[in-house]
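Undergrad: next comes the sequence, and after it the predicted model I'd like to discuss.
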Amino acid sequence: MGRIFYFVLGLLTATGVLAAPTVDEDKPHGRVCLSLFEPGPPEKEEAFQISAPAGAGKTVRAYVDASDKCTVLVAAITKDGKLPNGWRPQLSEVPGDFEEILLPTAPVKWDWSTSSVPFDFYVLFLSPDSKEIAEAKKLVDAMQNPKVDDRVLALQTGKLKELIGRIAADKNTNQAPGTEPEVGGVFRGTAFPWRQFARAANFAPDRPGVVILSSEAAAKK
(Lines give C-alpha, C1' and ligand atoms only; values in the text may rest on other atoms or scores of the structure.)
Protein backbone atom coordinates (compact mmCIF):
# COMPACT_ATOMS: atom_id res chain seq x y z
CA MET A 1 0.00 0.00 0.00
CA GLY A 2 2.93 2.31 -0.46
CA ARG A 3 5.23 4.02 1.97
CA ILE A 4 3.66 4.78 5.32
CA PHE A 5 4.98 7.27 7.85
CA TYR A 6 7.71 5.79 10.03
CA PHE A 7 8.00 6.78 13.68
CA VAL A 8 11.67 7.56 14.22
CA LEU A 9 14.00 8.69 16.95
CA GLY A 10 14.56 11.99 15.18
CA LEU A 11 15.90 14.80 17.32
CA LEU A 12 16.69 12.63 20.31
CA THR A 13 18.92 10.35 18.28
CA ALA A 14 20.75 13.38 16.95
CA THR A 15 21.37 14.62 20.48
CA GLY A 16 22.43 11.22 21.80
CA VAL A 17 19.33 10.71 23.98
CA LEU A 18 17.74 7.28 23.63
CA ALA A 19 14.02 6.63 23.55
CA ALA A 20 12.18 4.69 26.20
CA PRO A 21 11.85 1.12 24.84
CA THR A 22 8.17 0.84 25.76
CA VAL A 23 5.28 2.97 26.95
CA ASP A 24 4.30 2.31 30.55
CA GLU A 25 0.51 2.16 30.40
CA ASP A 26 0.30 2.44 34.19
CA LYS A 27 1.69 5.96 33.97
CA PRO A 28 0.33 9.05 32.17
CA HIS A 29 0.65 8.70 28.42
CA GLY A 30 -0.78 10.13 25.23
CA ARG A 31 -1.51 8.57 21.84
CA VAL A 32 -1.62 9.95 18.32
CA CYS A 33 -2.47 8.75 14.83
CA LEU A 34 -2.45 10.60 11.50
CA SER A 35 -5.13 9.76 8.95
CA LEU A 36 -6.02 10.75 5.42
CA PHE A 37 -9.70 11.64 5.09
CA GLU A 38 -11.61 11.86 1.83
CA PRO A 39 -15.22 13.13 1.86
CA GLY A 40 -17.90 11.02 0.24
CA PRO A 41 -20.20 9.64 -0.42
CA PRO A 42 -18.92 7.33 0.77
CA GLU A 43 -16.41 8.87 3.15
CA LYS A 44 -13.01 7.20 3.14
CA GLU A 45 -10.30 7.24 5.79
CA GLU A 46 -7.02 5.42 6.23
CA ALA A 47 -3.71 5.68 8.08
CA PHE A 48 -1.77 8.51 6.44
CA GLN A 49 0.91 7.57 3.92
CA ILE A 50 3.32 10.06 2.39
CA SER A 51 2.87 8.26 -0.94
CA ALA A 52 -0.90 8.78 -0.89
CA PRO A 53 -2.03 10.58 -4.06
CA ALA A 54 -3.23 14.12 -3.52
CA GLY A 55 -6.77 15.00 -4.43
CA ALA A 56 -9.41 17.69 -4.11
CA GLY A 57 -11.07 17.62 -0.70
CA LYS A 58 -8.54 15.26 0.89
CA THR A 59 -7.31 16.32 4.33
CA VAL A 60 -4.88 15.03 6.90
CA ARG A 61 -6.20 14.66 10.44
CA ALA A 62 -4.65 13.86 13.81
CA TYR A 63 -6.47 11.75 16.37
CA VAL A 64 -5.23 12.27 19.93
CA ASP A 65 -6.15 10.97 23.36
CA ALA A 66 -4.43 10.57 26.72
CA SER A 67 -4.82 8.70 29.97
CA ASP A 68 -4.52 11.95 31.96
CA LYS A 69 -5.40 15.56 31.27
CA CYS A 70 -2.64 17.33 29.35
CA THR A 71 -1.94 19.77 26.56
CA VAL A 72 -0.84 18.59 23.12
CA LEU A 73 1.21 20.60 20.64
CA VAL A 74 1.22 19.32 17.05
CA ALA A 75 3.15 20.85 14.19
CA ALA A 76 4.46 19.76 10.80
CA ILE A 77 7.68 21.41 9.59
CA THR A 78 9.65 20.79 6.40
CA LYS A 79 13.40 20.21 6.39
CA ASP A 80 13.97 23.83 5.36
CA GLY A 81 11.84 25.17 8.20
CA LYS A 82 8.51 25.83 6.47
CA LEU A 83 4.94 24.71 7.06
CA PRO A 84 4.03 21.95 4.57
CA ASN A 85 1.07 23.08 2.45
CA GLY A 86 0.67 25.98 4.89
CA TRP A 87 -0.54 23.69 7.70
CA ARG A 88 -0.99 25.75 10.84
CA PRO A 89 0.20 24.18 14.12
CA GLN A 90 -2.29 23.29 16.81
CA LEU A 91 -2.25 23.53 20.60
CA SER A 92 -5.14 21.91 22.43
CA GLU A 93 -6.16 20.57 25.81
CA VAL A 94 -6.68 16.81 26.00
CA PRO A 95 -9.41 15.85 28.50
CA GLY A 96 -7.89 12.63 29.80
CA ASP A 97 -9.57 9.26 30.41
CA PHE A 98 -8.83 8.47 26.74
CA GLU A 99 -11.44 10.91 25.46
CA GLU A 100 -10.31 11.55 21.90
CA ILE A 101 -9.91 14.90 20.20
CA LEU A 102 -9.55 15.50 16.48
CA LEU A 103 -7.12 18.05 15.08
CA PRO A 104 -6.90 20.47 13.45
CA THR A 105 -9.93 22.31 14.79
CA ALA A 106 -12.07 24.39 12.42
CA PRO A 107 -11.55 26.60 10.54
CA VAL A 108 -8.04 25.19 10.11
CA LYS A 109 -7.59 22.37 7.58
CA TRP A 110 -4.53 20.36 6.63
CA ASP A 111 -5.22 19.97 2.91
CA TRP A 112 -3.72 17.12 0.92
CA SER A 113 -4.83 18.53 -2.42
CA THR A 114 -1.12 18.94 -3.21
CA SER A 115 1.59 16.58 -2.03
CA SER A 116 4.32 18.06 0.13
CA VAL A 117 8.09 17.89 0.27
CA PRO A 118 9.49 15.77 3.14
CA PHE A 119 8.61 17.03 6.59
CA ASP A 120 8.62 16.06 10.25
CA PHE A 121 5.42 15.93 12.26
CA TYR A 122 5.94 16.70 15.94
CA VAL A 123 3.50 15.72 18.70
CA LEU A 124 4.32 16.92 22.22
CA PHE A 125 2.32 15.89 25.28
CA LEU A 126 2.75 18.47 28.06
CA SER A 127 1.52 18.24 31.64
CA PRO A 128 -1.00 20.97 32.61
CA ASP A 129 1.61 22.84 34.68
CA SER A 130 4.33 22.66 32.04
CA LYS A 131 6.20 25.95 31.75
CA GLU A 132 6.35 25.66 27.96
CA ILE A 133 2.57 25.85 27.45
CA ALA A 134 2.28 29.64 27.78
CA GLU A 135 5.08 30.25 25.26
CA ALA A 136 3.65 27.70 22.84
CA LYS A 137 0.13 29.13 23.09
CA LYS A 138 1.28 32.66 22.36
CA LEU A 139 3.22 31.52 19.31
CA VAL A 140 0.62 29.10 17.93
CA ASP A 141 -2.19 31.64 18.36
CA ALA A 142 -0.17 34.21 16.40
CA MET A 143 0.31 31.71 13.55
CA GLN A 144 -3.40 31.04 13.00
CA ASN A 145 -4.03 34.17 10.91
CA PRO A 146 -4.29 32.90 7.30
CA LYS A 147 -3.37 36.36 6.01
CA VAL A 148 -0.15 36.72 7.99
CA ASP A 149 2.80 37.95 5.93
CA ASP A 150 4.96 35.08 4.59
CA ARG A 151 8.11 36.59 6.10
CA VAL A 152 6.46 36.88 9.50
CA LEU A 153 5.13 33.33 9.24
CA ALA A 154 8.62 32.07 8.40
CA LEU A 155 10.03 33.75 11.50
CA GLN A 156 7.24 32.33 13.64
CA THR A 157 7.84 28.85 12.23
CA GLY A 158 11.52 29.17 13.06
CA LYS A 159 10.70 30.11 16.64
CA LEU A 160 8.27 27.20 16.89
CA LYS A 161 10.88 24.74 15.64
CA GLU A 162 13.35 26.15 18.15
CA LEU A 163 10.83 25.69 20.98
CA ILE A 164 10.09 22.12 19.90
CA GLY A 165 13.81 21.43 19.66
CA ARG A 166 14.39 22.68 23.19
CA ILE A 167 11.65 20.44 24.55
CA ALA A 168 12.62 17.38 22.51
CA ALA A 169 16.31 17.70 23.36
CA ASP A 170 15.63 17.89 27.10
CA LYS A 171 17.35 15.05 28.94
CA ASN A 172 14.07 14.16 30.63
CA THR A 173 12.03 13.92 27.44
CA ASN A 174 10.16 10.66 26.94
CA GLN A 175 10.27 9.66 23.28
CA ALA A 176 7.90 7.19 21.66
CA PRO A 177 9.40 3.94 20.34
CA GLY A 178 10.74 4.13 16.79
CA THR A 179 8.64 1.32 15.37
CA GLU A 180 6.76 0.89 12.12
CA PRO A 181 2.97 0.68 12.38
CA GLU A 182 1.16 -2.00 10.43
CA VAL A 183 -0.51 -0.85 7.24
CA GLY A 184 -4.30 -1.05 7.30
CA GLY A 185 -6.95 -0.82 4.66
CA VAL A 186 -9.26 1.98 3.61
CA PHE A 187 -12.34 2.38 5.77
CA ARG A 188 -15.48 3.53 3.96
CA GLY A 189 -18.44 5.03 5.76
CA THR A 190 -17.39 3.64 9.13
CA ALA A 191 -15.53 5.02 12.12
CA PHE A 192 -11.79 4.93 11.50
CA PRO A 193 -10.17 2.62 14.13
CA TRP A 194 -7.27 4.98 14.65
CA ARG A 195 -6.07 3.40 17.88
CA GLN A 196 -4.91 0.38 15.86
CA PHE A 197 -2.30 2.61 14.22
CA ALA A 198 -1.51 4.98 17.10
CA ARG A 199 1.86 5.54 18.76
CA ALA A 200 2.23 6.69 22.33
CA ALA A 201 4.59 8.43 24.73
CA ASN A 202 4.64 8.77 28.50
CA PHE A 203 4.64 12.24 30.03
CA ALA A 204 5.07 13.75 33.49
CA PRO A 205 5.48 17.26 34.96
CA ASP A 206 9.23 17.08 34.34
CA ARG A 207 9.09 14.74 31.33
CA PRO A 208 7.26 15.91 28.18
CA GLY A 209 6.18 13.10 25.89
CA VAL A 210 7.31 13.43 22.28
CA VAL A 211 6.35 11.55 19.11
CA ILE A 212 8.20 12.47 15.92
CA LEU A 213 6.89 11.22 12.57
CA SER A 214 9.23 11.63 9.63
CA SER A 215 8.33 11.37 5.96
CA GLU A 216 12.02 11.34 5.10
CA ALA A 217 12.38 7.80 6.44
CA ALA A 218 9.49 6.68 4.26
CA ALA A 219 10.93 8.33 1.17
CA LYS A 220 14.12 6.33 1.53
CA LYS A 221 12.37 2.97 1.53
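TA: Yep, it's here. Numbering: from 1, shown residues only.
Undergrad: show the contacting residues for Leu139.
TA: Residues in contact with Leu139 (C-beta atoms under 8 Å, 6 or more residues apart in numbering) are Gln156, Lys159, Leu160, Leu163. In this view, the C-beta of every residue, glycine as well, is placed from N, C-alpha and C.
Undergrad: for Phe121, see how far away the closest residue to the second one other than its chain neighbours is.
TA: Read it as Lys159. Closest residue to Lys159 apart from its sequence neighbours, by C-beta to C-beta, 6 or more residues apart in numbering: Leu139 at 5.9 Å. Using C-beta to C-beta, to the nearest Å, Leu139 is found at 17 Å from Phe121.
Undergrad: what's the answer for Pro41, then?
TA: For Pro41, the distance to Phe121 - C-beta to C-beta - is 29 Å.
Undergrad: do Leu34 as well
TA: 7 Å.
Undergrad: a helix runs through Thr105, doesn't it?
TA: No. Using DSSP: H, G, I helix; E, B strand; the rest coil, the assignment for Thr105 is coil, not a helix.
Undergrad: what about the lengthiest helix in the chain, distance to the chain center?
TA: Longest helix in the chain, counting residues (DSSP state H): helix 150-168. Chain-centre distance of helix 150-168: 15 Å, with C-alpha atoms, centre = their mean, to the nearest Å.
Undergrad: likewise for stretch 125-142?
TA: Averaging C-alpha positions (C-alpha atoms, centre = their mean) puts stretch 125-142 15 Å from its chain's average.
Undergrad: where does the protein have low pLDDT?
TA: 1-21, 170-186, 188-189, 215-221 (pLDDT under 70).
Undergrad: ok, which stretches of it are strands?
TA: Here the chain has its strands, by DSSP state E, at 6-7, 29-38, 44-47, 59-66, 70-78, 90-94, 101-103, 119-126, 174-175, 187-188, 199-202, 209-214.
Undergrad: need these in TSV (columns: distance to Glu132 and mean neighbour count).
TA: Output for those, formatted as TSV (distance: least, C-beta to C-beta, whole Å; neighbours: other C-beta atoms under 10 Å):
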stretch	distance to Glu132	mean neighbour count
strand 6-7	22	22
strand 29-38	15	23
strand 44-47	29	20
strand 59-66	17	22
strand 70-78	8	23
strand 90-94	10	19
strand 101-103	18	16
strand 119-126	6	25
strand 174-175	14	24
strand 187-188	35	15
strand 199-202	15	24
strand 209-214	12	26
